[in-house]
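Participant: My questions are about this predicted structure, shown below with the sequence.
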Amino acid sequence: MTDIRLRLEAPDGSSAKEYRIHDGMVQTRRQQPGSKYAEGSWQRLTPQQLSDHVKRSTPVSHWLQYRLGWRRLLRMCVAQEPDWTGTRAQADQYSELQAA
């Protein structure tokens, strides 16, 4: 599957920001002023950043809703990164109780 991209340019053409949907994630990178092409590595948007776009009803959120559908976009906004440290500590405590 090819990347699906959105490019937003400043009104004066001095800078641009590019967004893409890649491997089920929304990523972004900024074009350096004076450069013809976008440079730098792609950065994944966090669920909080996606939520901010939706709350502000930005062109990015409209594009994502059109491309992904509102349900999938909502799931991406509320997704949480797993916190394995807390889960592991709870599992260790449970094992100790079972052994006693």
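Facilitator: Good, I have the coordinates.
Participant: can you list the weak-confidence ranges in the protein?
Facilitator: The model of the chain has pLDDT under 70 over residues 1-2, 32-39, 80-100.
Participant: Strands of that one, residue ranges please.
Facilitator: Assigned by DSSP state E, the strands in the chain fall at 4-9, 16-22, 25-31, 43-44.
Participant: Okay, buried residues for the first one please.
Facilitator: Which is strand 4-9. Buried positions in strand 4-9, judged by neighbour count with 16 or more other Cβ atoms under 10 Å: residue 6. C-beta here means a position set from N, CA and C on the backbone, and glycine is covered the same way.
Participant: Could you spell out the sheet neighbours of that strand, each with its direction?
Facilitator: When pairing is defined by DSSP bridges, strand 4-9 lines up against strand 16-22 (antiparallel).
Participant: which residues touch the strand it pairs with?
Facilitator: Strand 16-22 has contacts (Cβ atoms under 8 Å, 6 or more residues apart in numbering) with 3-10, 26-31, 38, 42, 45, 60, 63-64, 67-68.
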